[in-house]
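Model the following, please.
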Amino acid sequence: MSTRIRFRLTRMRPWLARRLPWLAAVALLFVALDPRSPYLLVVRGGITIALVAAGVLGLAAVERQRQRGSIGRVEGGLLAAAFLAVCVFAGSDEADFRRQRAEVLTAPPQVLQLGQHFMVGYTRFAEVAVLAERGLIGGIYLGRGNVRGRTLDEVRAEIDALQARRVQARLPPLIVAADQEGGSVAHMTPPLAARPALATLVAAGTEENKAGTLEARARAYGEMQGRELAAMGINLNFGPVVDLRPNGNGPAFDTHTLISRRAIDTDPQVVARVARAYGEGLAAQGVHATLKHFPGLGGVDVDTHHFTARLETPTEQLAARDWLPFRAAAPVSGAMMLGHVVLPTLDPNQPASASSAVVQGLLRGQWRYDALLITDDLNMGAVYRRGLCKTAVASLRAGVDMLLIAYDPEQYYRAMSCVATAMGNAGLDKARSAESARRIAAVAAGTGGAGTAYAAGGDHGPVGAAFHPSGQADDERGKSWHF
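Numbers count the residues shown, from 1 in each chain. Got it, this is the predicted structure:
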């Protein structure tokens, strides 16, 4: 190290020594304002104790500096207040969580109708069993952690035990969902067999992709995967991905969405053909398909796991391309997953997952889509930063059937408590709640789906036709579509 560098470091030490306590206080305050953030899940177990301990140590350090005279009275007071705030915020957050959890677990009967609208991930069987047998949830989500190091029979036994508790409590079966797209997203593998992404069916060769052949391969893939999922006790698969593959590699700082890897193809015709046949294959084994992520992530320029997203593509263009696979595969789907993406032309304020204009106006109204509507995970940054409570309440009021809280299951208590408080004694609209109950029960029982109601309702034109925002089919554009 040169003499000049050593000299600079020596001169910086007093500067760093004076500012280090402030840097520590600001960092701790930032964490203490939301210590139960999904981003801090990996340290959740000891976060409160650690923050309180750090705050106390900070207070002690400030007091020592004041006694030595190395810090002024005013600055010392401000620093002490900051470290004290860390202790208060951390302790208050822990107390709030325990209160919310207790409120949910002792909820009065009129609140229980809200439970059917929640699908949760879980890490502890005993905890989710209580939620299931009390009717506080309508579904569970299985992730990698639920199957890692376990056999298919062991996982099935756990699911059967939960379903048995529902029977004993005279409650409808749970929806059991998983993310088993194939390829890079195969959360049930192992114990289930690893399978390539659906996109590989398209890449198998253009000569083989003539009418009928591609569909046959996709249907066989769906049947094979559906047979495995059903054997595990899963009745809803979060697939296929019907977002169109973006040109290039997709958004910068994309750590999780990675649609360019997961999408079936860039051509909406090809995506629709594969998705519909795949859905038929799953359904043949009693497993429902989920079309995701409406309104389509192919044109979104950020990762919704972290950032607020807006889809600025004109609605007419979306209807002519991005939404065609959703419409074409709707009759064989059991659910549609709503992405946390704002559609400014329909609703400039709320993401699709919490927008009445999207849910009631477009999907239920114009499209006559009558299958399950479920949000993407409410732990995702695109909506978590808007406010978990705010989004959960807005989604249910918009008419969404189920709220997914998977990555960080403890957020369920916060969301459920907020929803119960916001809805009060009146609860949800009774007619709408009954419709949701019907859709949820159909998926949980492995029956129903969108087919009958969707095919019979609305002027939606031939399957695969292009659609305008008004819901009318564009027959000229649809002439080249044959399924």
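
ok, which stretches of the stretch 351-483 of the chain are helices?
Remark: helices of the stretch 351-483 of the chain, listed N- to C-terminal, are 356, 381-384, 388-398, 411-423, 430-444, 451-456, 475-478; assignment by DSSP state H, counting those that start in this stretch.

list the helices and strands the third one packs on?
Right, helix 388-398. In terms of contact count using 3 or more C-beta pairs under 8 Å, 6 or more residues apart in numbering; DSSP states H and E, helix 388-398 is assigned the packing partners strand 403-405, helix 411-423. (C-beta placed from N, C-alpha, C; glycine too.)

One more pass at 6 Å, please.
When contacts are defined as 3 or more C-beta pairs under 6 Å, 6 or more residues apart in numbering; DSSP states H and E, helix 388-398 sits against helix 411-423.

who touches the helix it packs on?
Helix 411-423 has contacts (C-beta atoms under 6 Å, 6 or more residues apart in numbering) with 100-101, 103-104, 111, 114, 120, 379, 388-389, 392-393, 405.

And the helices of the stretch 351-483 of the chain: which comes nearest residue 146?
Residue 146 lies closest, by C-beta to C-beta, to one member of those: helix 411-423, at 15.6 Å.

Where does pLDDT dip in the stretch 201-350 of the chain?
Regions of the stretch 201-350 of the chain meeting the criterion pLDDT under 70 cover residues 204-212, 248-256.

Tell me the one of the contacts of helix 411-423 nearest residue 172?
residue 114 (14.9 Å).

Grab the nearest non-local neighbour of that closest one.
With C-beta to C-beta, 6 or more residues apart in numbering as the criterion, residue 114 has its nearest non-adjacent residue at 5.6 Å, and that residue is residue 419.

How about residue 122?
The spatial neighbour of residue 122 that comes closest, neighbours along the chain excluded (C-beta to C-beta, 6+ apart), is residue 128 at 3.8 Å.

Which strands or helices does whatever helix or strand that neighbour lives in pack on?
Assigned by DSSP states H and E, residue 128 falls within helix 125-133. Helices and strands in packing contact with helix 125-133 are listed as helix 152-168; criterion 3+ C-beta pairs under 6 Å, 6+ apart.

Surely residue 326 is in a helix?
Yes. Read with DSSP: H, G, I helix; E, B strand; the rest coil, residue 326 is one of the residues of a helix.

show me the contacts for the nearest residue to it once chain neighbours are set aside.
On the basis of C-beta to C-beta, 6+ apart, the spatially nearest residue to residue 326 that is not a chain neighbour turns out to be residue 291, at 5.4 Å. Residues touching residue 291, when contacts are defined by C-beta under 6 Å, 6+ apart, comprise 242, 326, 329, 333, 336.

The first one: what's it in contact with?
Spelled out, it's residue 242. Neighbouring residues of residue 242 by C-beta under 6 Å, 6+ apart: 271, 275, 291, 325-326.

Now with 10 Å, please.
Counting by C-beta atoms under 10 Å, 6 or more residues apart in numbering, residue 242 makes contact with 198, 263-264, 268, 271-272, 274-276, 278-279, 289-294, 296, 298, 322-329, 333, 336-337.

need the longest helix for the chain.
Here the longest helix in the chain is taken by residue count, with DSSP state H as the criterion, and it is helix 73-105.

now for that helix, which elements pack on it?
Packed against helix 73-105, as judged by 3 or more C-beta pairs under 10 Å, 6 or more residues apart in numbering; DSSP states H and E, are the following elements: helix 3-32, helix 47-68, helix 125-133, helix 411-423.

now the angle from the third one to helix 73-105?
Here helix 125-133 runs at 60 degrees with respect to helix 73-105, directions being taken by axes from the mean of the first three to the mean of the last three C-alpha atoms, to 10 degrees.

just the second one next, same as before
For helix 47-68 and helix 73-105, the angle between their directions (the same axes, to 10 degrees) works out to 160 degrees.

just the last one next, same as before
Per the same axes, to 10 degrees, the angle that helix 411-423 makes with helix 73-105 is 80 degrees.

Let me know the average pLDDT across helix 411-423.
Taken as a whole, helix 411-423 carries a mean pLDDT of 93.

Run the chain-centre distance for it.
Averaging C-alpha coordinates over helix 411-423 and over its chain gives two centres that are 17 Å apart (C-alpha atoms, centre = their mean, to the nearest Å).

buried residues in it?
Residues 411-420, 423 are the ones in helix 411-423 that count as buried (16 or more other C-beta atoms under 10 Å).

Surely residue 388 is in contact with residue 381?
No. Using C-beta atoms under 10 Å, residue 388 makes no contact with residue 381, being 11.1 Å away.

joint contacts of those two?
Between them, residue 388 and residue 381 share these contacting residues under C-beta under 10 Å, 6+ apart: 37-38.

Have a look at these two and say which one is more surrounded.
More crowded of residue 388 and residue 381, by other C-beta atoms under 10 Å: residue 388, with 23 against 20.

residues touching that one, list them.
Contacts of residue 388 were listed using C-beta under 10 Å, 6+ apart, and they are 36-38, 378-379, 403, 405, 408, 411-412, 414-415, 418.

ok, the spatially most central residue of the chain - contacts?
Most central residue of the chain, judged by C-alpha distance to the mean C-alpha position with C-alpha atoms, centre = their mean, is residue 377 at 1.6 Å. Taking C-beta under 10 Å, 6+ apart as the contact definition, residue 377 lies against 38, 119, 121, 141, 304-305, 337, 340, 353, 383-384, 403-408, 411.

now with 6 Å?
The neighbours of residue 377, taking C-beta under 6 Å, 6+ apart as the test, are 404, 406-407.
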